[in-house]
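Visitor: Can you look at this prediction? I've put the sequence above it.
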Amino acid sequence: MSHTDCDTLILGGGSAGCVLAHRLSEDPSHRVVVLEAGRRDWLWDLFIHMPAGLTTPLGNPLYDWRYTSEPEPFMGGRRVAHARGKVLGGSSSINGMIFLRGNPLDFERWAEGAGMEHWDHAHCLPYFKRAESHLQPDEFRGAHGPLQLERGPCTNPLFEAFFAAAEQAGHARLTDLNGHRQEGVAPFDRNIRGGRRLSAARAYLHPVLSRPNLTVRTLARTTRILFEGNRAVGTNYRHFGIPRTIRAGRVISCSGSIGTPHLLMLSGVGPAAHLQDHGIEVVADVPGVGEHLQDHLEVYIQHRCTQPVSVAPALKWYNQPLVGLEWLWSKTGAAATNHFEAGGFLRSNPSEAWPNVQLHFLPLAIRYDGSMPNTDHGFQVHAGPMMSNAVGSLRLQSPDWRVHPALRFNYLSTDQDRRDWVETIRAVRHILGQPALESFSGGELSPGPAVQTDAEILEWVAKDAETALHPCCTARMGTDALSAVDPSTMEVHGTDGLFVADASAFPALTNANIYAPTMMLAEKAADLIRGDTPLPPESVIFHQALPTP
């Protein structure tokens with residue numbers, strides 16, 4: 001074999017990349033190098049580590065790649081902004097810090113695909129448990145993993161009113177949305193520890209940076225994977241703008257659902273005709289690269305609050321210095337939480353086999369960009385369907401690595417998606433209209449009482465909805481003609497020595513935020529890539545609303 005600079009080269013120090021770096025460097029004789037295009041997650045960078053600072057990184061070029069969709073044809077031609085982390089830890093350093101696995105039936109559905117039988121819930125559960133350290137471990141929850149989770153305290157009286165209203169609307173009140181039952185409302189698990197964000201970098205990477213066989217280079221942008229024949233042998237990258245090359249025994253792309261397919265295509269792995277249209281030499285014709293793009297869309301249903309109990313005063317400019325000082329001094333107070341402390345899952349109609357709507361409740365009326373309605377106090381539910389069958393694609397716009405790919409999500413493009421949206425808004429309004437919230441509610445601010453008919457709801461969603469930032473499936477696992485990754489090895493079809501381990505490999509979008517299943521996938525991928533015996537499956541009984549069809 002020709003000279004190599006490392007045994008394993010990991011492209012991307014985001015959520016999955018941090019897991020792979022930790023696990024693969026456990027063997028002291030195995031040399032691991034991580035190339036991260038973003039910068040370090042320095043401790044002095046408060047907006048990364050302060051949970052309530054999460055609105056600042058979104059849209060900020062220092063933290064965010066700032067992708068934008070193509071004009072969405074079913075949303076009036078809107079371009080939807082799409083944040084992705086541009087810093088060590090990736091999107092786990094700028095996300096909402098909600099830790100939800102999805103429904104166990106998501107993984108039963110994964111296992112229905114060709115070659116996917118070892119990705120059912122029983123085979124995934126041990127890796128969920130290996131990743132986490134939960135305060136109340138049981139047959140569903142782990143006790144010794146790097147991800148130390150905290151449950152939302154939900155001390156604001158609006159949370160109790162929300163829980164009571166959900167119960168009055170016929171929904172169960174739960175304690176753990178990642179356990180036996182997902183359908184219902186409960187406090188969220190969050191990747192927050194001691195008042196600080198616990199990103200994948202802080203959980204998995206920083207504790208092992210002293211390992212002599214692990215090297216992490218930030219501000220190192222990979223421009224092309226290098227091949228000898230169809231074997232990946234390294235990459236070209238730019239480090240502080242200087243062109244460099246590194247050779248490796250194997251290459252793992254952990255660049256995310258947008259970065260991974262983009263890099264594969266730039267390197268000659270993808271749909272042959274599309275690559276040739278851009279003058280790229282084809283290494284492997286893999287038609288599934290860039291296909292199957294899926295995401296969640298969500299809206300804000302906001303109410304004015306008639307009692308002075310919301311979190312709004314903490315965001316007033318004259319209160320922010322004291323809030324910040326309290327966090328700096330003791331890691332407590334309004335800045336020590338993401339405020340996404342509770343929510344739940346429900347079925348939009350009784351015929352659904354499992355929950356297909358997710359809710360996030362906040363004792364505050366605010367958008368991701370930090371903008372607020374003109375009211376002193378408010379509360380809101382973020383809501384959206386989880387099981388949309390709308391599918392999009394990712395395409396090259398140029399062979400130049402500096403040009404973002406074209407993203408088309410096709411939100412609201414199917415009858416099912418539009419039906420689910422109408423049912424979702426009506427279900428949320430049913431909860432917010434219950435007696436438990438009556439003494440707090442001063443009326444609906446968004447969408448407002450003028451929006452009532454199915455057509456009016458869909459028009460409002462098309463104008464107002466934002467991405468929930470859950471892109472996936474653009475290099476999906478499977479053995480069929482439109483898959484891209486071998487589910488038994490994580491190797492890219494048609495190549496040798498090139499692997500993918502991030503949310504692009506999901507075969508289907510899960511029924512919740514995607515951070516937790518991404519970490520599970522990376523944990524399992526680490527065993528598959530290094531050839532370890534996988535953890536034995538753990539069959540547990542989980543709640544099912546209806547028999548699956």
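Guide: Perfect, I can see it now.
Visitor: does His3 count as helix, strand or coil?
Guide: Secondary structure assignment for His3 (DSSP: H, G, I helix; E, B strand; the rest coil): coil.
Visitor: does it really touch Arg247, like I thought?
Guide: Yes. In this structure, His3 is within contact of Arg247 by C-beta atoms under 8 Å, at 6.4 Å. Any C-beta I mention is one placed from the backbone N, CA and C, and that applies to glycine too.
Visitor: which one of those two has more residues nearby?
Guide: Shown here are His3 and Arg247; by other C-beta atoms under 10 Å, Arg247 has more neighbours (17 against 5).
Visitor: got a list of what the more buried one touches?
Guide: Listed by C-beta atoms under 8 Å, 6 or more residues apart in numbering, the contact partners of Arg247 are Ser2, His3, Thr4, Asp5, Leu226, Val233, Gly234.
Visitor: Buried only: go through the residues you listed for me.
Guide: The neighbour-count criterion (16 or more other C-beta atoms under 10 Å) marks Thr4, Leu226, Val233, Gly234 among the contacts of Arg247 as buried.
Visitor: Would you check how far apart Ser284 and Pro399 are?
Guide: One correction, residue 284 is Ala, not Ser. Distance, Ala284 to Pro399, using C-beta to C-beta, to the nearest Å: 17 Å.
Visitor: who's more crowded, those two?
Guide: Ala284 (21 against 14).
Visitor: Could you check how far the more buried one is from Leu498?
Guide: 9 Å.
Visitor: joint contacts of these two?
Guide: What both Ala284 and Leu498 touch, as defined by C-beta under 8 Å, 6+ apart, is the set Val269, Val492.
Visitor: Strands along the stretch 201-350 of the chain, start to end?
Guide: Taking DSSP state E, counting those that start in this stretch as the criterion, the stretch 201-350 of the chain carries its strands at 214-217, 220-228, 231-239, 242-253, 269-270, 284-285, 297-305, 342-346.
Visitor: which residues touch the last one?
Guide: What that stands for is strand 342-346. Here strand 342-346 makes contact (C-beta under 8 Å, 6+ apart) with 98, 103, 152, 154, 159, 162-163, 166, 171, 174, 177, 182-188, 355, 357-361, 381-382, 386, 427, 511-512.
Visitor: Quick check: what element follows that strand along the chain?
Guide: Secondary structure here is assigned by DSSP states H and E; on that basis, the next helix or strand after strand 342-346 toward the C-terminus is strand 357-362.
Visitor: quick one: that next one to strand 342-346, angle?
Guide: Here the directions of strand 357-362 and strand 342-346 differ by 160 degrees (axes from the mean of the first three to the mean of the last three C-alpha atoms, to 10 degrees).
Visitor: list the helices and strands the lowest-mean-pLDDT helix or strand in the chain packs on?
Guide: None of the helices or strands of the chain scores lower by mean pLDDT, DSSP states H and E than helix 320-330, at a mean of 92. Taking 3 or more C-beta pairs under 8 Å, 6 or more residues apart in numbering; DSSP states H and E as contact, there are no helices or strands that helix 320-330 lies on.
Visitor: what's the longest helix in this structure?
Guide: Longest among the helix segments of the chain by residue count, using DSSP state H, is helix 415-432.
Visitor: what's the distance between it and the middle of its chain?
Guide: Helix 415-432 sits 23 Å away from the centroid of its parent chain (C-alpha atoms, centre = their mean, to the nearest Å).
Visitor: Stretch 528-547 now?
Guide: With C-alpha atoms, centre = their mean as the basis, stretch 528-547 stands 21 Å off its chain's centre.
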